[in-house]
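J.: need a structure here:
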Amino acid sequence: MASAACMAVGVAKKHFRKSTARNAIKRKIREAWRHQKHLLYTQIPADKQLHVFISFTSRKIVSYTDIVAAIEKYIAEMSIRLEKNK
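T.: Take a look at the predicted model:
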């Protein structure tokens, strides 16, 4: 069986020309998602899948703690929406 939620990340080359900067941001986002996704998994019905695309739109590199806070907020909002749709 596939995972209940799939996640992809996009960082604009227009904002970060160096691939090392883009990849560092993607790694931070993926790590924050990995640590927080269990909160969302409990809300997803067993017969459904959730596909998430996160687009990083800031023009500056942010800290890992800021990314974790943003991912937590996003997951909380998604949990509320999923609860309403049950």
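J.: Does C6 touch H51 like I think?
T.: Yes - if you go by CB atoms under 8 Å, C6 and H51 touch, sitting 5.1 Å apart. For glycine as for every other residue, the C-beta is placed from the backbone atoms N, C-alpha and C.
J.: Settle it for me: which of these two has more neighbours?
T.: Comparing C6 with H51 by other CB atoms under 10 Å, the one with more neighbours is C6, at 11 against 8.
J.: how about the helix or strand the more buried one falls within: buried residues?
T.: Here C6, judged by DSSP states H and E, is contained in strand 5-11. Judged by neighbour count using 16 or more other CB atoms under 10 Å, the buried positions of strand 5-11 are A5, M7, V9, V11.
J.: Any idea how far the following helix or strand past that strand is from the middle of the chain?
T.: Helices and strands here follow DSSP H and E; after strand 5-11, the next one along the chain is helix 19-41. Mean-position distance between helix 19-41 and its chain equals 6 Å (CA atoms, centre = their mean, to the nearest Å).
J.: Among the buried residues of strand 5-11, pick out the one closest to A46, please.
T.: Among those, A5 lies closest to A46 (CB to CB), at 12.7 Å.
J.: ok, the residue nearest to Q43 when sequence neighbours are not counted to L39 distance?
T.: Distances taken as CB to CB, 6 or more residues apart in numbering put L82 closest to Q43, at 4.1 Å, once the chain neighbours are dropped. Using CB to CB, to the nearest Å, L82 is found at 11 Å from L39.
J.: go on, A46?
T.: Counting by CB to CB, the gap from A46 to L39 is 17 Å.
J.: And those two? Which one has more around it.
T.: L39 (14 against 6).
J.: quick one: the more buried one and E77 touch, right?
T.: No - L39 is not in contact with E77 according to CB under 8 Å; the separation is 11.4 Å.
J.: Appreciated, that's everything.
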